[in-house]
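Engineer: Model the structure of this input:
(one chain, ligands or ions: 1)
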Amino acid sequence: MPIYEYECKSCGRRFSRLVMKVAEASGVRCKGCGSSDLGRLISRVVVMQTEKSRLENLDTGKSQDENYYRDSRNIGLWAKKRAQDLGADLGPQFEETLEKARSGKILDEL
Ligand SMILES: [Zn+2]
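Structural biologist: Below is the predicted model:
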């Protein structure tokens with residue numbers, strides 16, 4: 001069952017909402033100010049997925065929502081998936097670089 005996280009564009013409040021049906025997702029309003037001008041953040045369902053299922057679900061032909069990249073674990077995933085699609089052999093070096101990118105350590109080396 002998906003739990004969607006929203007950020008109100010009017011007051012900045014963040015809240016999560018369990019959405020049973022897709023139709024309910026469109027009727028969500030801010031709990032603070034009642035505004036329906038909401039941005040959806042990454043759902044916890046996505047966060048709980050394993051990397052394997054993330055890779056399987058990731059469509060590299062489609063651009064991701066900017067919120068997608070707010071989850072640091074998604075950084076580099078696209079590149080990894082793309083490389084796999086191309087049959088490229090990703091050595092340990094790639095994983096290492098990816099880890100640095102995710103943790104922000106790569107910035108120290110630039
Ligand atoms: Zn609000």
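Engineer: Show me what the top helix by length along the chain is packed against.
Structural biologist: Counting by DSSP state H, the longest helix found in the chain is helix 92-103. Packing partners of helix 92-103 (3 or more Cβ pairs under 8 Å, 6 or more residues apart in numbering; DSSP states H and E): helix 77-85, helix 106-109. The way it works is simple: take the backbone N, C-alpha and C, and place the C-beta from them, glycine included.
Engineer: By mean pLDDT, show me the worst of the ones you listed.
Structural biologist: Mean pLDDT is lowest for helix 106-109 among the helices and strands packed on helix 92-103, at a mean of 58.
Engineer: Which residues of the protein lie near the ion?
Structural biologist: 8, 10-11, 13, 30, 32-33, 35 (Cβ under 5 Å from the ion).
Engineer: any chance of the residues you listed in a markdown table, with distance to N57 too?
Structural biologist: Formatted as a markdown table, those follow (distance: Cβ to Cβ, whole Å):
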| residue | distance to N57 |
| --- | --- |
| C8 | 28 |
| S10 | 32 |
| C11 | 32 |
| R13 | 29 |
| C30 | 29 |
| G32 | 32 |
| C33 | 34 |
| S35 | 31 |
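Engineer: Could you turn the buried ones of the residues you listed into a PyMOL selection?
Structural biologist: The buried residues among the residues of the chain next to the ion can be selected in PyMOL (16 or more other Cβ atoms under 10 Å) with this line:
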select buried, resi 8+30
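Engineer: Inside helices: which ones of the residues of the chain next to the ion?
Structural biologist: Reading helices off the residues of the chain next to the ion, I find no matches (DSSP H).
Engineer: Return the angle between stretch directions for the longest helix of the chain and helix 77-85.
Structural biologist: Put simply, helix 92-103 runs at 160 degrees to helix 77-85, going by axes from the mean of the first three to the mean of the last three Cα atoms, to 10 degrees.
Engineer: Which positions within helix 92-103 qualify as buried?
Structural biologist: Buried, per 16+ other Cβ under 10 Å, within helix 92-103: 97-98, 102.
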